[in-house]
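S.K.: Mind folding the following:
(one chain, ligands or ions: 1)
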Amino acid sequence: MIRIPAKVLIVDDEKDFVEMFSLRLTETGERVFTANSGQKCLEKLAQENIDVVVLDIKMPGMDGIETLKEIKKRYPIVEVILLTGHGAIETAVDGMKLGAYDYLLKPADSKEMAKKLEGARKRKDEHEDRIRKAEQKALLRRGGNI
Ligand SMILES: [Mg+2]
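M.R.: Residues are numbered from 1 along each chain as shown. Got it, this is the predicted structure:
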């Protein structure tokens, strides 16, 4: 089966980090989008059919946790991987309880990042697949065929 590249949105207020991350992911074949704030992240999500958001927790203005809550409210199926520092793992845990798939410690290691992205992508695919099947079933029932 041909693997369709995931659409990944990287959100971080550190522009250098976003650039480096974006370059690495593009090399692995993903379609990468970027944003430098929570607000811009939501704008991007409204424009693009994003699969996975890699979201920095510590950002000025709307922080990562606030942004995560908004993402899950508006796009519950989109998977989120949080970016955090060694001192703030508890916040990442809180984020996972709010629906984030996982977290990555900064500076994120390429292999670790690839593995978690793959997992997030897979979970989204499976979720969408179950929704499609349920929709088909609902349609059939409505048609009186079952
Ligand atoms: Mg930051």
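
S.K.: How far off centre is the longest helix along the chain?
M.R.: Using DSSP state H to define each element, the chain has its longest helix at helix 110-142. Between the mean C-alpha location of helix 110-142 and the chain-wide mean there is a distance of 13 Å, by Cα atoms, centre = their mean, to the nearest Å.

S.K.: Same check on stretch 67-85?
M.R.: With Cα atoms, centre = their mean as the basis, the distance from the averaged C-alpha position of stretch 67-85 to the chain average is 6 Å.

S.K.: From one end of that stretch to the other, what's the distance?
M.R.: Terminal residues of stretch 67-85 lie 17 Å apart, using Cα to Cα, to the nearest Å.

S.K.: buried sites along that stretch?
M.R.: Applying a neighbour-count criterion of 16 or more other Cβ atoms under 10 Å, the buried positions in stretch 67-85 are 67-68, 70-71, 75, 78-84. All C-beta atoms are positioned from the backbone trio N, CA, C, and that covers glycine.

S.K.: Stretch 56-76 and the ion in contact?
M.R.: Yes. Counting by Cβ under 5 Å from the ion, the ion has neighbours in stretch 56-76: 56, 58.

S.K.: Could you do stretch 101-120 as well?
M.R.: No. Residues of stretch 101-120 are not located near the ion by Cβ under 5 Å from the ion, the shortest gap being 8.3 Å.

S.K.: list the buried ones in that stretch?
M.R.: For stretch 101-120, burial by neighbour count (16+ other Cβ under 10 Å) applies to 101-104, 106, 108, 113, 116-117, 120.

S.K.: what does this protein put close to the ion?
M.R.: 13, 56, 58.

S.K.: From these, which land in strands?
M.R.: Counted as lying in strands by DSSP state E, out of the residues of the chain next to the ion, are Asp56.

S.K.: Scan the residues of the chain next to the ion and report the most crowded one.
M.R.: Top of those by neighbour number is Asp56, holding 26 neighbours under the definition other Cβ atoms under 10 Å.
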